[in-house]
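Student: coords below, sequence missing:
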Ligand SMILES: [Zn+2]
């Protein structure tokens, strides 16, 4: 899949609140997750409070960027018009070393080449001046 | 605890169609089903004082005004997607046994074929985005935009962990289609299916093929719940609600970060429903399992306790869920081959079976049946019913 697979005509995240802070780090080409100052756990998606210890103290902690493919689906028939021209493509769930999972895509392999457990590392895809998406590439390991 | 104190006393259903469409509004088609349920029960609309509509297809106030329910005193909508009808069945039982209402109507339906179809979704308004803000900000930018894609992530993982196969998914599709051949009202009546047909159907969102997916339909259904005492004066023999429960996965608002990826709302709800009912899954003579996609049947059979985790694939093979098998599932043909009416038809079919009105697809001497609902990111609901 090419770097152009997603361009500005695709659905884009809102840039408000904690979701916006997550994407602001991505714009700086950094993948960060919230880390609870009470119990040290990472979390994703962003939330106001730690579901383990109820602490509302947290920081944006930089991720190692490394993870493995947890599951995926190859979309052959788009169910949103903005993706009709880029099929087939594969949304992938990546399990990060920090223990959180996030939904993304692996940009340097075809859906046929995906395997559960495949090591991947983060990269960034700028889709507009405001928005950069965290994507993944195959990693050696 | 409402065990055996509440019952279903009326059911109604419209014809199901695709092209050219129902010719009715989404409210109109539901009202048609609601009137049929009233006639079935022998009730007047004015007696209905509780209405629990399905999300986003009509408000209780509009139903009450249209039907002439002058004393609406209990109204709510459960935001559980396809788990809402069976969740509403439970809520109706709670309402009538507590005195909050006397007769509760649960309607639902849509122009799922001729109206706004899921494959054309391009919502800008966050309230109409399936999955809401989290889906908008963390799934949709990557092209994960619709339910079959969400659930395909679960199906793929199940295949990886338990060796569940495409042929086992196919066995679900074939069972539903086989049952539809015995149901003249089913959209897929007269259109039998082979495993070769199934395996040759194109992928939509792998591992889901076209024939893993339910049929988009115009149609509606409704049912009415009251107390056992009130049912004595009504037209039909009541179908008793032995137990019912609803549950949410954790977290319910986000699909990827679940410690146990296969634990759904039903995992929590099913033991509660069976405990209330005082029976076990093995006591069920049939089950109507919400079958938006084939794997969801396998998954719910496991999570409801009909078999152990990882054994659902084997459970559905070799006619296991066909009429005559160990547990006939979706005797009407389900969402996959009868019609996608938001899960309400699963309740209607369970009532028909327990009344002995299912004709060529009747489960002999059916005494106890189970109905489930599944929706959103894995919300679950379940009811155990008896004649
Ligand atoms: Zn914490």
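Tutor: All right, it came through fine. The structure displayed is predicted, hence computed values, not measured ones.

Student: So which bits of the helix or strand harbouring residue B:246 are buried?
Tutor: For residue B:246, the host element (DSSP states H and E) is strand B:239-247. For strand B:239-247, the neighbour count (16 or more other Cβ atoms under 10 Å in any protein chain shown) marks B:239-247 as buried. For every residue, glycine as well, the C-beta is placed using N, CA and C.

Student: Around the ion, which positions in chain A sit nearby?
Tutor: Counting by Cβ under 5 Å from the ion, chain A comes close to the ion at A:36, A:38-39, A:50, A:52-53, A:55.

Student: Just the buried ones from these?
Tutor: A:36, A:50.

Student: which of the residues of chain A next to the ion lies closest to residue B:369?
Tutor: Nearest to residue B:369 among the residues of chain A next to the ion, counting by Cβ to Cβ, is residue A:52 at 40.3 Å.

Student: Retrieve the pLDDT associated with that closest one.
Tutor: At residue A:52, the model reports a pLDDT of 97.

Student: Might one say that it is in contact with residue A:40?
Tutor: No. In this structure residue A:52 lies outside contact range of residue A:40 using Cβ atoms under 8 Å: 9.5 Å.

Student: quick one, helices of chain A?
Tutor: Secondary structure of chain A by DSSP state H: the helices cover A:17-27.

Student: shaky segments in it?
Tutor: Within chain A, the stretches with pLDDT under 70 are A:1-7, A:141.

Student: Helix or strand: which one has residue B:88?
Tutor: Using DSSP H and E, residue B:88 sits in helix B:84-98.

Student: from the chain's centre, how far out does that helix sit?
Tutor: Between the centre of helix B:84-98 and the centre of its chain there are 15 Å (Cα atoms, centre = their mean, to the nearest Å).

Student: Identify each buried residue in it, please.
Tutor: For helix B:84-98, by 16+ other Cβ under 10 Å, it's B:84-97.

Student: what angle sits between that helix and strand B:239-247?
Tutor: Relative orientation of helix B:84-98 and strand B:239-247, computed by axes from the mean of the first three to the mean of the last three Cα atoms, to 10 degrees: 120 degrees.

Student: for the record, mean pLDDT for helix B:84-98?
Tutor: Mean predicted lDDT for helix B:84-98 stands at 98.

Student: So the closest residue to residue B:264 other than its chain neighbours versus chain A, what's the distance?
Tutor: Nearest residue to residue B:264, sequence neighbours excluded (Cβ to Cβ, 6 or more residues apart in numbering or on different chains): residue B:378, at 4.0 Å. Residue B:378 is 14 Å from chain A, where distance means Cβ to the nearest Cβ, to the nearest Å.

Student: Contact partners for residue B:378?
Tutor: Applying Cβ atoms under 8 Å, 6 or more residues apart in numbering or on different chains to residue B:378 gives the contacts B:154, B:248-249, B:252, B:255, B:264-265.

Student: Kindly report the residues of the stretch 51-200 of chain B close to chain A.
Tutor: Contact residues (Cβ under 8 Å from any Cβ of the partner chain) of the stretch 51-200 of chain B with chain A: B:118-122, B:133-134, B:136-146, B:148-149, B:152-154, B:156-157, B:160.

Student: Strands along the chain, start to end?
Tutor: Using chain A. Secondary structure of chain A (DSSP state E): strands at A:32-36, A:42-43, A:58-62, A:66-72, A:91-96, A:101-105, A:119-126, A:132-138.

Student: that's the wrong chain, I wanted chain B
Tutor: Under DSSP E, chain B gives strands at B:6-13, B:50-51, B:74-75, B:104-111, B:203-205, B:208-209, B:218-227, B:239-247, B:286-288, B:368-375, B:379-386.

Student: What strands flank the second one, and is each parallel or antiparallel?
Tutor: Each strand paired with strand B:50-51, and its direction, by DSSP bridges: strand B:74-75 (parallel), strand B:104-111 (parallel).

Student: sorry, back to before: list just the nearest of the buried residues of strand B:239-247 to residue B:128.
Tutor: Out of these, the member with the shortest distance to residue B:128 (by Cβ to Cβ) is residue B:246, at 23.4 Å.

Student: circling back to that earlier point, as CSV, the strands of chain A with distance to chain B would be great.
Tutor: Output for those, formatted as CSV (distance: least, Cβ to the nearest Cβ, whole Å):
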stretch, distance to chain B
strand A:32-36, 11
strand A:42-43, 8
strand A:58-62, 16
strand A:66-72, 4
strand A:91-96, 4
strand A:101-105, 4
strand A:119-126, 10
strand A:132-138, 6
